[in-house]
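Participant: My questions are about this predicted structure, shown below with the sequence.
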Amino acid sequence: MKRPSILFTAALLTLGTLVPATVAGPAAAAAPVGAPPTAVHHHPQVLGVGGAGAYRIGASLAALTAAGHIDWTAPACGGVVHAGATGSWAGVLLLAFRDGRLVEVGTATVPPYSPAGASVGMSFAELEDIYGLRGSLIRNDAGDAEAYLVRVGSRVELFTGHPIRPGVGYFQVGPASFVERNFRQGAAC
């Protein structure tokens, strides 16, 4: 009694001529025509006090530039140079170097998140819920700006206010001697 298997085979052959077979691969995984494009980030989505990706606190501007990790630079005063990241971090991270060494990594976007899960766009109350006693709300010396500060040894996570709404507008990390000092006292020059 081979009749059921013959009927099944005949049905598959008939179906195969009506429905084209596809091979799973990059084209099969593509979004349907007309669907909005999706952004693909190949970087970890965490910014910690050590930096992010190739952008490690203390890294050399010359070495990062030679490796193709710096898009643009803008000299400031006091030996500080601001720079933009390349690759998937382009438009996400802003960098500050003092005397040729990375001293600040910051972002105004989400992601990245802090290791604890905090990010731009959160309220200061949400940061207090996340960090508890590890962080505190501070004001600058002029008394006209507030931020949320988390100390991790000699380095800090600093979440500064948004210019047009309450809450976090910028998240930066680096040595307290640079990041916190600039917030509290303003740039040295």
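Facilitator: Arrived safely, thanks for sending.
Participant: ok, for the residue most central in space within the chain, nearest residue in space, not its chain neighbours?
Facilitator: Centrality entry for the chain: nearest residue to the mean C-alpha point is Pro112, 2.9 Å, by C-alpha atoms, centre = their mean. Excluding the flanking residues, the one nearest Pro112 by C-beta to C-beta, 6 or more residues apart in numbering is Leu47, at 4.1 Å. For the C-beta atoms, the positions are set from N, CA and C on the backbone; glycine is no exception.
Participant: now the strands for this structure?
Facilitator: Assigned by DSSP state E, the strands in the chain fall at 51-52, 55-56, 70-75, 80-85, 94-98, 101-107, 135-139, 146-152, 155-161, 168-175.
Participant: How far away from the center of its chain is the fourth one?
Facilitator: What it means is strand 80-85. Remark: strand 80-85 is offset 16 Å from the chain centroid, using C-alpha atoms, centre = their mean, to the nearest Å.
Participant: just the first one next, same as before
Facilitator: For strand 51-52, the distance from its own C-alpha centre to the chain's C-alpha centre is 9 Å (C-alpha atoms, centre = their mean).
Participant: other SSEs contacting it?
Facilitator: strand 101-107 (3 or more C-beta pairs under 8 Å, 6 or more residues apart in numbering; DSSP states H and E).
Participant: what's the distance between the strand it packs on and the middle of its chain?
Facilitator: On C-alpha atoms, centre = their mean, the centre of strand 101-107 falls 13 Å from that of its chain.
Participant: Show me what counts as buried in it.
Facilitator: Within strand 101-107, the residues that qualify as buried are 102-107, counting by 16 or more other C-beta atoms under 10 Å.
Participant: OK, contacts around the closest residue to Leu94 other than its chain neighbours?
Facilitator: The shortest distance from Leu94 to any non-neighbouring residue, by C-beta to C-beta, 6+ apart, is to Gly106 (5.0 Å). Gly106 makes contact with 93-96, 170-173 under the criterion C-beta atoms under 8 Å, 6 or more residues apart in numbering.
Participant: again with His82
Facilitator: If you count contacts by C-beta under 8 Å, 6+ apart, then His82 has 73-74, 76, 94-97 around it.
Participant: which of those residues has the most neighbours?
Facilitator: Leu95 (25 neighbours; other C-beta atoms under 10 Å).
Participant: Skipping its backbone neighbours, what lies nearest that residue in space?
Facilitator: Spatial nearest neighbour of Leu95, excluding adjacent residues (C-beta to C-beta, 6+ apart): Ala83 at 4.4 Å.
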